[in-house]
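>>> I'll drop the sequence and a predicted model, then ask my questions.
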Amino acid sequence: MEEKFVIHGGKPLQGEVSVGGAKNAAVAILPATLLAADVFTIENVPHIDDVIILLNILKRLGAKVQFIDRTTVTIDTREVKNGDVRLNLAKRLRASYYFVGSLIGRFKDVGVYLPGGCDIGSRPIDLHLKGLRAIGAEVDTDFGVFHAKAEQLVGQEVYFDQVSVGATINVMLAAALAEGTTTLINAAKEPHVVDVANFLNQMGARIRGVGTDTIRIRGVKELHGCNYSIIPDQIEAGTLMIAAAATKGDVLIKNIVPTHMDALTAKMIEMGVEIEEFDDAIRVKYVKPLKAVNIKTYPYPGFPTDLQQPATVLLSTAEGASVIVENIFEARFKHIEEIRRMGAQVTVDDRIAVVQGVKRLTGAQVKASDLRAGAALIIAGLMADGTTEIVNIKYVDRGYDHIENKLISIGADIARIPVEEDEPIDIELDFQ
Ligand code: UD1
């Protein structure tokens, strides 16, 4: 049944809240278990829709999947027989392309329906194709299927024209079982890229240089199962940090890696937010009216595109005009039309948004167009005077584990309720 969020805004968030496992690491680590025929225990798995879909795909491929508790899952991949992932489920998320890198080394032949995911721009996969071809795979994308074949992958130097999280991880997965050494140049440095490499090394891979822009993968003959705990989600952490400041609150956000948050922390300090860092926690405290700042999104360690939408909302009531430049995805301003309905003053020209701070936002009925737009609208609802209703929250559930429960635990007035069906038209009109 379709659901919506109803938020009564204006309540400062206060208290302590804990961040879950990283979505973008989990959606690569779960398919990566297919690189070996063995048993895994993965902890700190976020209980989100994208993960549930991936686990269902693993089951359909013949893996045994079992939750031990809400965030710990065991996966036994010994009975997986081939690399045929032409399943409709694969169309429902972006990360299904990781099945190509995960299965090609083991089964030599893989087919996956082309990935779906959030509509935030054109999202090509040319860099994945280029990287896989460079290490010896025959790759094509005919008839809606991402198909790759290789008797034996062979290590090579792969230069990425543009920094891509997905392509870096996908080629790293494939190269783990290649013959010889693969060098990825201009690789992505995001914390989840590092986490996936750490997981692969735990499986017996030999990957060095992750977290820098040159990654070296010395191929091994075989990988094995392991126990692994996924890192905290940088974007959930950032969403909560922004929500704390946006509601004029004071929140201790736990299970966080503070250095992963540096780009956001620096901007929030510039806005006038008080930030206190601990070993694995950050306290965010609103102390005075926020000032406008300029933000440009970049690959890590730059400001993450995934936090651009929530940050735009935070700046909507700051003093002055902020300029936001979205460098990564060309269609990532779809939340702006919705926050304008709540009173925000924002103009958009191509990839640049100018946010002129207003005194307050007011509640409205709004619609989430993608995952992070949904998170941004929740923050807008928490800030606004009056009641906000957000529909299309299925996008939010793809990447946040019942975010409303975490927000309620720190004082938010937010409820998930079923969307009433429109009244059926059951009167037949007789037109003459
Ligand atoms: C991942 C994240 C997403 C995040 C994004 C950027 C996952 C599942 N999703 O998405 O949350 O917003 O990184 O941090 O991890 N590009 C190409 N050709 C390609 C691949 C990408 O031109 O083959 C371009 C994209 O259009 C974009 C840029 O490279 O402009 C970065 O995209 P990429 O890092 O690949 O994003 P995703 O892996 O899709």
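Cool, got the structure. Residues are numbered from 1 along each chain as shown.

>>> For residue 94, see how far away residue 65 is.
Spatial separation of residue 65 from residue 94 under the definition CB to CB, to the nearest Å is 21 Å. For every residue, glycine as well, the C-beta is placed using N, CA and C.

>>> Does residue 381 belong to a helix, a strand or coil?
Under DSSP: H, G, I helix; E, B strand; the rest coil, residue 381 falls in the helix class.

>>> Do you know the pLDDT at it?
Among the per-residue scores, residue 381 shows a pLDDT of 98.

>>> repeat for residue 314
pLDDT for residue 314: 98.

>>> just residue 430 next, same as before
54.

>>> and if you look at residue 285?
Here the pLDDT value assigned to residue 285 is 98.

>>> ok, now residue 91?
pLDDT, read off for residue 91, is 89.

>>> in the stretch 301-432 of the chain, which spans are helices?
Here the stretch 301-432 of the chain has its helices, by DSSP state H, counting those that start in this stretch, at 308-315, 334-340, 371-383, 394-399, 403-409.

>>> Phi, psi for the residue of the chain found nearest the ligand please.
Distances between the chain and the ligand by CB to the nearest ligand atom are smallest at residue 166, namely 2.8 Å. Torsion angles at residue 166 (phi, psi; degrees, to the nearest 10) stand at phi -60, psi -50.

>>> quick one: contacts for it?
Residue 166 is in contact with 94-95, 97-98, 125, 127-128, counting by CB atoms under 8 Å, 6 or more residues apart in numbering.

>>> what's the farthest-apart pair in these?
Taking CB to CB as the measure, those span a maximum distance of 15.3 Å, between 95 and 127.

>>> buried stuff in stretch 15-31?
Within stretch 15-31, the residues that count as buried by 16 or more other CB atoms under 10 Å are 17-31.

>>> With just CA atoms, put it into PDB.
What follows is stretch 15-31, C-alpha atoms only, in PDB (Å, rounded to 0.1, in the frame of the first residue of the first chain):
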ATOM      1  CA  GLY A  15      19.100  13.900  21.900                       C
ATOM      2  CA  GLU A  16      21.100  11.100  20.500                       C
ATOM      3  CA  VAL A  17      20.700   9.100  17.400                       C
ATOM      4  CA  SER A  18      22.800   6.300  15.700                       C
ATOM      5  CA  VAL A  19      23.600   6.000  12.100                       C
ATOM      6  CA  GLY A  20      23.100   2.600  10.200                       C
ATOM      7  CA  GLY A  21      25.300   0.800   7.700                       C
ATOM      8  CA  ALA A  22      26.300   2.500   4.400                       C
ATOM      9  CA  LYS A  23      23.800   1.900   1.600                       C
ATOM     10  CA  ASN A  24      26.300   2.400  -1.200                       C
ATOM     11  CA  ALA A  25      28.800   0.000   0.400                       C
ATOM     12  CA  ALA A  26      26.100  -2.600   1.100                       C
ATOM     13  CA  VAL A  27      24.800  -2.600  -2.500                       C
ATOM     14  CA  ALA A  28      28.200  -3.500  -3.800                       C
ATOM     15  CA  ILE A  29      29.300  -5.900  -0.900                       C
ATOM     16  CA  LEU A  30      26.200  -8.100  -1.200                       C
ATOM     17  CA  PRO A  31      26.700  -8.800  -4.900                       C
END
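
>>> Brilliant, that's me finished.
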